[in-house]
Structure formats: structure tokens, C-alpha cells
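Engineer: Sequence first, then the predicted structure:
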Amino acid sequence: MVKIELKNVGVDFILYETSARSLKKTAFRTAVGGFISNKDDGSKTMVRALQDISLTLNDGDRLALMGPNGAGKTTLLRVLAGIYYPTSGSITVQGQCVPLFDISLGLDDEATGYENIMLRGLVMGLDRKEIEKRVEEISEFSGLGEFLHLPVRTYSSGMTLRLLFSIATSVNSDILLMDEWIAMGDADFIERANQRLHGVVSRSRILAFASHNPAYLKAVCNRAVLLEAGRIVAEGSVDDVLSHYQSDRQVDAAQAAVKEAADQNEATSEAGSVSASQQGLPPPPESAPSEIRRSDPVV
């Protein structure tokens, strides 16, 4: 049986002796996702990246993870992959889990392409026999040919990405975790990469996919959750959650525009008062005549 179950999962990161290092501490606390708190003595800062996450994924589920940057999507994927352990709550994962993010982890620039196939395979949890079975197929798909005998430091960035993508997508898994859709290289390789990735996704039994691209989420997912500040704030079909998310973003944009306009008006008023005082004149009244424009000189 393939299944993922999270019960009231929370993830906290503790940072020591950081409280007094920045004058922007207060602004930072309100500008990023999650929740940040400080001990009274300023000796440590706690970043609560996930809070009370309860979620069950069964065979056939394709979950879209939505939310702004800093909402907790990548942290949740890393919890599912076993990279991060919950500091509260519990998680149960049944089935082989393969993350398709951080695909350069374990890469050695001094090692050859073939040696890096082995290294990356071991990082992905494969044993040597499993990796050796895949070497020929990885080599063929990457199209790197004799370059696989050379150190990776001699590769262009495009060649390195071809190798990493070919290795990462060579494994079929019960549970597939993705942070954005992976596609790189020239036009021909991108087309083949998309076809290969669609095949990997279709063969997986559970998918958790974080992306800012609605088209990809609609194409491959059948349910969704919306994360904000480390919490699940909406859950349902992809269309319903996407509509909720886009509506929230429009409201946020409108509020930001109103605040920006208010700040500009305040700054203009202060500038007028300063200019008048420099000339020995009283400041203009709060309700200036409508025919006086912002660009008119003060006389």
C-alpha cells in the first residue's frame, strides 16, 4: 500500500544570537512567510516554517502545493522526503519516495560523468546494482557520449543539467516529489525532457508538486492545498484552490496599491510643508484647493 499521512506536523528552525544583528528585524518578521519569534534575552530566534499540517495522500492522488514564496511549500516537500524531521506532530510514509529537487546534490566536479551517475544514484537511495542497470539508458538519453568519460568540470552548464536531469528521471517511484517543473537545454532536449517527465509523473502512484505555474498544476494534479505562513488555509480541487489563491492575491495587490498611494500623499504633504517653512511661509492647509497640482511651484 502507498500512503502519506501527516498529523499536526510543525517544523521549527532555531537560529542562535541573531536577534540584535539587524535594524531591519521588525520589517523582516512581517515580510516573509512563517512565524518568527524571539526570546526576551535575544539569544535565539525561532522560525516556525510549518504549523499544524494535517494531510492524507492515497494511491492516485496528485497534490498541487500553492502559495507565495516563503509559504512553506519547499519545507513541506522536504519533510515528505525525510530531509527535515517534524519538531511536532507525526508523519507516516509508505512506499518508495523520490524527490526531483536539489538534483545537483552529490555532484562532484572532479569526477567523470559516469562516476557522477553512480554518486547521484547512491544519494537517491539506489544500490550499485540498480544504478548499473540504468547507466546505459542514462547515457543514451543525456546524449553526452564520450564526454561521460571526462570530469564534469569540463562540461558546459547545459551539459551538466542534461546529465543531472537524465539521472534524476531514470528512477520510477511510488511517491514523486517535485518543486517546479524541470526542463532545460536546447529546443530538442526540452521536448524530450518534457515527454520523459510526463512519463515519470504518470507512473508514480502519489505526486506532490509545488509550482507557481497554474497550467502545469492543472495538467497533472487532481487536488490542491494553499499554504500561507506555514499553514494550510485552503484545500480542495485545483480549480477551486487556484481561484481562492488568485482572489487573495488581487486583494493583497489592491491593499498594497492603496497603501502606496497613501504613502505618496503623505510624502508630498511633508515636502510641501518643508518647502514653505524654508521660505518663511506657513505650511499649506490640509485641504489644498483642487486646482493646485502636485507639480505647481509654491509661491
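Structural biologist: The structure has been received and is ready for your questions.
Engineer: what residues are up against Arg62?
Structural biologist: Shown in contact with Arg62 (CB atoms under 8 Å, 6 or more residues apart in numbering): 201, 206-207, 209, 220-223. C-beta coordinates here come from the backbone N, C-alpha and C atoms, glycine included.
Engineer: Return the set of residues that bridge with it.
Structural biologist: Beta-bridge pairing for Arg62 (DSSP bridges): Leu207.
Engineer: ok, so what distance separates it from Ser88?
Structural biologist: Distance of Arg62 to Ser88, given as CB to CB, to the nearest Å: 27 Å.
Engineer: now swap in Thr74 and tell me
Structural biologist: The gap separating Thr74 from Ser88 is 19 Å, by CB to CB.
Engineer: Which of these two has more residues huddled nearby?
Structural biologist: When Thr74 and Ser88 are compared for neighbours, Thr74 comes out ahead with 19 against 15, by other CB atoms under 10 Å.
Engineer: The more buried one in helix, strand or coil?
Structural biologist: With DSSP: H, G, I helix; E, B strand; the rest coil as the basis, Thr74 sits in helix.
Engineer: which ones are touching it?
Structural biologist: If a contact means CB under 8 Å, 6+ apart, then Thr74 has 101, 179, 210 as its contacts.
Engineer: pLDDT value on it, please?
Structural biologist: pLDDT for Thr74: 94.
Engineer: Over to Asp186?
Structural biologist: Asp186 carries a pLDDT score of 70 in this model.
Engineer: What's the local residue count around it?
Structural biologist: Quick note: Asp186 (other CB under 10 Å) scores 9 neighbours.
Engineer: I figured it was touching Gly158, is that so?
Structural biologist: Yes. Using CB atoms under 8 Å, Asp186 makes contact with Gly158 at a distance of 7.4 Å.
Engineer: now the strands for this structure?
Structural biologist: 3-16, 35-38, 44-58, 62-66, 88-94, 97-100, 175-179, 206-210, 223-228, 231-236 (DSSP state E).
Engineer: What helices and strands are in contact with the third one?
Structural biologist: So that's strand 44-58. Packing contacts for strand 44-58, counted by 3 or more CB pairs under 8 Å, 6 or more residues apart in numbering; DSSP states H and E, involve strand 3-16, strand 35-38, helix 73-81, strand 88-94, strand 206-210, strand 231-236.
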